[in-house]
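Asker: structure for this input, please:
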Amino acid sequence: MAAAAAPPLHSVFVYGTLLADEVVRVLLKRVPPSSPAILHNYHRFSIKGRVYPAILPVDCKKVAGEVLLGITDQELDILDSFEDVEYERRAVEVSLVDNSEKLIVGAYIWVNKDDPNLYGEWDFEEWKRLHLEDYLVMTTEFMEEMEKPQD
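Answerer: Here you go, the predicted structure:
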């Protein structure tokens with residue numbers, strides 16, 4: 001009997017709180033290999049009242065982030081749940097920083113393109129300094145809830 005083919009692995013462009021290895025480790029129980037990448041013609045906005053960002057298409061702008069490589073179906077389900085209904089995972093083309101190679105990857109795009117709460121530009125280093133600790137507590141609680149047996 002032939003061995004079953006390995007399920008396909010996914011690549012996901014991250015640009016906000018998932019740039020923090022600590023957050024990814026809580027969600028996926030590991031830090032997958034990653035590669036710095038640029039998403040062209042998008043902008044990373046701050047959201048009033050939230051500590052995480054949103055991206056939306058904006059001509060002539062770009063978002064620096066990372067591509068998480070080798071994501072399994074199960075890990076993708078966790079990321080989809082974590083990103084919730086306010087985001088939609090869509091295929092986008094990114095350019096890898098190291099070699100300018102272009103890849104089609106998944107990225108979580110803010111659903112409400114006319115959201116009046118989007119403003120300015122989100123800053124990862126500032127978020128890390130001000131919010132990482134609390135965010136890790138919230139992420140850990142999210143995973144504990146997700147891992148509870150469903151009745």
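Asker: so where's the longest strand in this protein?
Answerer: Determined from DSSP state E, the single longest strand within the chain is strand 54-71.
Asker: and the helix or strand just after it, what does it pack against?
Answerer: Heading C-terminal from strand 54-71, the first helix or strand you meet, by DSSP states H and E, is helix 73-83. On a contact count with 3 or more CB pairs under 8 Å, 6 or more residues apart in numbering; DSSP states H and E, helix 73-83 meets strand 10-14, helix 21-28, strand 87-96, strand 102-110, helix 124-147. C-beta: built from backbone N, CA, C; applies to glycine.
Asker: most packed of those?
Answerer: Neighbour counts (mean count of other CB atoms under 10 Å) averaged over each of the helices and strands packed on helix 73-83 peak at strand 10-14, with a mean of 21.
Asker: strands paired with it, and their directions?
Answerer: strand 54-71 (antiparallel), strand 102-110 (parallel) (DSSP bridges).
Asker: pull the residues that contact whichever helix or strand comes after the last one.
Answerer: In this case it means strand 102-110. Using DSSP H and E, the helix or strand that follows strand 102-110 towards the C-terminus is strand 118-119. Residues outside strand 118-119 that contact it (CB atoms under 8 Å, 6 or more residues apart in numbering) are 45-48, 54, 56, 110.
Asker: hmm, try it at 6 Å
Answerer: Here strand 118-119 makes contact (CB atoms under 6 Å, 6 or more residues apart in numbering) with 45-47, 54.
Asker: farthest pair within those residues?
Answerer: S46 and A54 (8.2 Å; CB to CB).
Asker: between the two, which one's more packed in?
Answerer: A54 (24 against 19; other CB atoms under 10 Å).
Asker: and the pLDDT for that one?
Answerer: Predicted confidence (pLDDT) at A54: the value is 97.
Asker: excluding chain neighbours, what is closest to it?
Answerer: W110 (3.5 Å; CB to CB, 6 or more residues apart in numbering).
Asker: hey, what's that neighbour bridged with?
Answerer: Y87.
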